[in-house]
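Asks: Using only what follows, build the 3D model:
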Amino acid sequence: MSDETPKLEFQPRAQGSVMGFPAHEGRPGALGEVHARPHPLIEKPRVLIQLSFMTEGGAAVDHAVLSELSRRLGIAAPERNARHHAMKWGKGTLRWERHTEFSTYLWEGPLAENGRAQEDSPFGNGFSPPGTVISGIRLEIRKWTQASEKLVAGFDPTSLCYSLVERGAAAIITDFRQDGDGLTRILVLDRGLTPASTGALSQRLIDIETYRTLAMLGLPMALTLSGRARRIEDRLAQTTLEMKAVETRDSQTLLADLTGLAAELEADAASSLYRFGASRAYDGIVTERLRALDEEPVQGYDTWAGFLLRRMAPAMRTCRSVEERQANLSRKLTRATTLLRTWVDVDVEKQNRDLLASMNNRARLQLRLQQTVEGLSVAAVSYYVVGLIGYVAKGASVFGHAFAPEVVTAASVPVAILLVWWGVRRVRKMHSEPARHPGE
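Replies: Have a look, this model is predicted:
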């Protein structure tokens, strides 16, 4: 790295005003995002080692690691809400960045020509990793000489990618295989790049290797969910065949089966939603970085873009295929459930119709019984009323009335029957009227 760099710390943009007007609180972050990942100015020869860790423990784990490294150097630790930080380490520089689900530690320093043991990287004894390693990269930048060109023979020829970039000012070589330390080795041969161009090129190459690894994390999940989706498809096909058999169809059992399949499918879709979305985003970043390289092929060798797109495209298509398969299967389950629920509703309506018909029959029987009881009650009450009138007529004969008690009793029979019948009808009519509110 150039020794003229005055300060390595990323400085936050000052808040305040613009020409005397108050600035929006989000303006510094929006403006500073453009400068959040500055390319290092790299002189040759140089080595860059980056480790990417999955940070399941959150930002607190990264802060603890950086605090320990800062303590060892005797400098201040970064703020807890920082997303990137840089510090001098030995003869090089250590840069840290926090991403959505991973964090990167990039050490850039002088290339030891006589062995890695003399490289003063921070990833030796005493470094506490914040999580599991998902990507490890060793990028060597050398001047393009006949001696350095012979290093190409040390890569695996079966997957060797060799191309020219920056209009032929540099060559990029890798085989995407891991060395004894588990690092993917990348070689850059330079014959005219500026320090800024070297830093930008190095960042693109590191991003390609990091994000292509993260993008492939969706493939194992896609293969697992593909088998589950196939089992749900087979069960759905069997259920729809059972739905067609009207005579032996058990709608309630079939509806429970479809609901269980839908719940299982939605659980799988929810668990894979983030992973598939992240894989698409990472694949897009890899494609953008490869396009930015603007490679020129070297005869007899494959380019980075040709090699990666040929191998990553099927994996990304598999992820998209499983995601679309889940969506289509969800729609089919919804249609089958709706159809079966309609049949269940029709069966329930038929049961309700039969129940209402039975209730109507019972109501008619009760009405006939009520009418019979009403007639009997009119006769019984009339009998007692006429009896009372007869007793009254017999008792009143001692006063010498002109009519005999028998005549009075006989004459009161039709009157009593009519009055009792009218009274019973009146009471029944009052009970049959709907209840009224007190104010009506």
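Asks: contacts and neighbour counts: CA atoms only from here.
Replies: Noted.
Asks: just checking, Arg138 is part of a helix?
Replies: No - per DSSP: H, G, I helix; E, B strand; the rest coil, Arg138 lies outside any helix segment and is strand.
Asks: Just to check, it is in contact with Gln50?
Replies: Yes - between Arg138 and Gln50 a contact is recorded at 6.8 Å, counting by C-alpha atoms under 8 Å.
Asks: Would you mind measuring from Gly126 to Arg72?
Replies: 10 Å (C-alpha to C-alpha, to the nearest Å).
Asks: hang on, Glu296 packs against Ser163?
Replies: Yes - if you go by C-alpha under 8 Å, Glu296 and Ser163 touch, sitting 5.7 Å apart.
Asks: quick one: which of those two has more around it?
Replies: A count of neighbours by other C-alpha atoms under 10 Å puts Ser163 above the other of Glu296 and Ser163, at 23 against 15.
Asks: just checking, the more buried one is part of a strand?
Replies: Yes - counting by three-state DSSP, Ser163 is part of a strand.
Asks: Is it in contact with Ile173, as I believe?
Replies: Yes - contact criterion C-alpha under 8 Å: Ser163 and Ile173 qualify, at 6.9 Å.
Asks: Strands of this protein, start to end?
Replies: Taking DSSP state E to define them, one finds strands in the chain at 17-18, 21-22, 46-54, 84-89, 92-98, 102-110, 132-143, 161-165, 170-178, 184-190, 296-297.
Asks: and the closest residue in space to Ala77 that isn't next to it in sequence, what pLDDT?
Replies: In this structure, Ala77 finds its nearest non-sequential neighbour in Ser67, 5.0 Å apart by C-alpha to C-alpha, 6 or more residues apart in numbering. Per-residue confidence (pLDDT) for Ser67: 89.
Asks: what's the burial count for Ser67?
Replies: Neighbour count of Ser67, defined by other C-alpha under 10 Å: 18.
Asks: OK, contacts around it?
Replies: 76-78 (C-alpha atoms under 8 Å, 6 or more residues apart in numbering).
Asks: Quick check: it vs Ile186, distance?
Replies: To Ile186, Ser67 is 30 Å away according to C-alpha to C-alpha.
Asks: Okay, and the beta partners of Gly92?
Replies: Beta bridges link Gly92 to Trp89, judged by DSSP bridges.
Asks: and the closest residue to Glu296 other than its chain neighbours, bridged to which residues?
Replies: Take Glu296 and drop its neighbours on the chain: the residue closest to it by C-alpha to C-alpha, 6+ apart is Leu164, 4.9 Å away. Legend: beta-bridge partners of Leu164 under DSSP bridges are Ala171, Glu296.
Asks: Leu164 reaches Ile172, doesn't it?
Replies: Yes - the criterion here is C-alpha under 8 Å, and Leu164 meets it with Ile172 at 6.4 Å.
Asks: Look at the two and report which has more neighbours.
Replies: Between Leu164 and Ile172, counted using other C-alpha under 10 Å, the more crowded position is Ile172 (24 against 20).
Asks: what about the nearest residue in space to the more buried one that is not next to it in sequence, neighbour count?
Replies: Among residues not flanking Ile172 along the chain, Val188 sits closest, at 4.7 Å (C-alpha to C-alpha, 6+ apart). Neighbourhood size, Val188 [other C-alpha under 10 Å]: 28.
Asks: and if you look at the one 3 residues further on?
Replies: Here the count is done by other C-alpha under 10 Å, and Arg191 has 14 residues near it.
Asks: isn't it right next to Lys143, touching?
Replies: Yes - under the criterion of C-alpha under 8 Å, Arg191 makes contact with Lys143 at 6.1 Å.
Asks: how much space is there between the nearest residue to Pro297 once chain neighbours are set aside and Glu288?
Replies: Counting by C-alpha to C-alpha, 6+ apart, Ser163 is the residue found nearest to Pro297 once chain neighbours are left out, at 4.9 Å. Distance of Ser163 to Glu288, given as C-alpha to C-alpha: 17 Å.
Asks: cool, and Val344?
Replies: The spacing between Val344 and Glu288, counted by C-alpha to C-alpha, is 53 Å.
Asks: can you check Trp304 too?
Replies: Applying C-alpha to C-alpha, the value for Trp304 to Glu288 is 13 Å.
Asks: Pick out whichever of those two has more residues nearby.
Replies: Shown here are Trp304 and Glu288; by other C-alpha under 10 Å, Trp304 has more neighbours (24 against 13).
Asks: Give me the pLDDT for Ser432.
Replies: Note on Ser432: pLDDT of 65.
Asks: That should have said Ser330, apologies.
Replies: Looking at Ser330, its pLDDT stands at 91.
Asks: What is the burial count for it?
Replies: Using other C-alpha under 10 Å: Ser330 sits among 18 other residues.
Asks: again, but for Val385
Replies: Around Val385 there are 18 other residues, counting by other C-alpha under 10 Å.
Asks: Could I get the contacting residues of it?
Replies: Val385 sits next to Ala416 when contact means C-alpha under 8 Å, 6+ apart.
Asks: what about the stretch 151-300 of the chain, any weak spots by pLDDT?
Replies: For the stretch 151-300 of the chain, the stretches flagged by pLDDT under 70 are 248.
Asks: 80 instead?
Replies: 244-251 (pLDDT under 80).
Asks: sorry, back to before: what's the distance between the residue nearest to Glu296 and Asp294?
Replies: In this view, Leu164 and Asp294 are 9 Å apart by C-alpha to C-alpha.
Asks: Dump the strands of the chain into CSV; add distance to Pro122 as well.
Replies: CSV is the format used below for these (distance: least, C-alpha to C-alpha, whole Å):
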stretch, distance to Pro122
strand 17-18, 41
strand 21-22, 43
strand 46-54, 10
strand 84-89, 7
strand 92-98, 8
strand 102-110, 7
strand 132-143, 14
strand 161-165, 29
strand 170-178, 20
strand 184-190, 18
strand 296-297, 35
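Asks: Gly300 - how many residues pack around it?
Replies: Neighbour count for Gly300, taken as other C-alpha under 10 Å: 8.
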